[in-house]
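**Q** Next input, structure requested:
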Amino acid sequence: MIIYSVTITVRKDIESDWLNWMKENHIPDVMKTGYFLEWQMQKLLSSEVSVDEMTYVINYFALSLDLYKLYIENEAPRLQNEHNQKFNGKYKASRAVYSLISK
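**A** You can find the predicted model right below:
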């Protein structure tokens, strides 16, 4: 199992709008691509980054590295661009890929 992990830090003044858009639009659009089996989101409760920002982690689970690579090639640029168009300059994102060892 492959975990595609996206960490996003958003300004607090857009947090509610961002969170709603992620749950109602962006994440469903990512899942509709068919490359991932499931997803989960976490919110960082204690942040040393800034009192004006909140950090979230969204994990998407794929069966193989090949499926993840297909997503990155075929869908990620469009979906990341949509996110940037909507929230440009109001967030920071980083991405990582992990192999699940055990549950």
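**Q** alpha carbons only for contacts and neighbour counts from here, please
**A** Noted.
**Q** any idea where the strands of the chain begin and end?
**A** Secondary structure of the chain (DSSP state E): strands located at 2-11, 38-43, 53-62, 91-99.
**Q** Could you export the ones you listed as CSV, including mean neighbour count and distance to residue 74?
**A** Converted to CSV, the strands of the chain look like this (neighbours: other Cα atoms under 10 Å; distance: least, Cα to Cα, whole Å):
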stretch, mean neighbour count, distance to residue 74
strand 2-11, 19, 15
strand 38-43, 13, 19
strand 53-62, 20, 15
strand 91-99, 13, 17
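**Q** which of the residues in the longest helix seen in the chain are buried?
**A** Ranked by residue count under DSSP state H, the longest helix found in the chain is helix 76-87. Neighbour-count burial for helix 76-87 flags 76, 79, 83, 87 (criterion: 16 or more other Cα atoms under 10 Å).
**Q** Touching it from outside, list them.
**A** Contacting residues not belonging to helix 76-87 are listed as 18, 26, 29-30 [Cα atoms under 8 Å, 6 or more residues apart in numbering].
**Q** switch to 7 Å and redo it
**A** Here helix 76-87 makes contact (Cα atoms under 7 Å, 6 or more residues apart in numbering) with no residue beyond itself.
**Q** okay, the angle between that helix and strand 91-99?
**A** Going by axes from the mean of the first three to the mean of the last three Cα atoms, to 10 degrees, helix 76-87 is angled at 150 degrees with respect to strand 91-99.
**Q** C-alpha coordinates for helix 76-87, PDB please?
**A** Extracted in PDB, the C-alpha atoms of helix 76-87 (Å, rounded to 0.1, in the frame of the first residue of the first chain):
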ATOM      1  CA  ALA A  76      -2.300  16.000 -10.100                       C
ATOM      2  CA  PRO A  77      -1.300  19.000 -12.200                       C
ATOM      3  CA  ARG A  78      -5.000  19.900 -13.000                       C
ATOM      4  CA  LEU A  79      -6.200  19.300  -9.400                       C
ATOM      5  CA  GLN A  80      -3.300  21.200  -7.900                       C
ATOM      6  CA  ASN A  81      -3.900  24.100 -10.200                       C
ATOM      7  CA  GLU A  82      -7.500  24.200  -9.200                       C
ATOM      8  CA  HIS A  83      -6.500  24.400  -5.600                       C
ATOM      9  CA  ASN A  84      -3.900  27.100  -6.300                       C
ATOM     10  CA  GLN A  85      -6.500  29.200  -8.300                       C
ATOM     11  CA  LYS A  86      -8.900  29.100  -5.400                       C
ATOM     12  CA  PHE A  87      -6.400  29.800  -2.600                       C
END
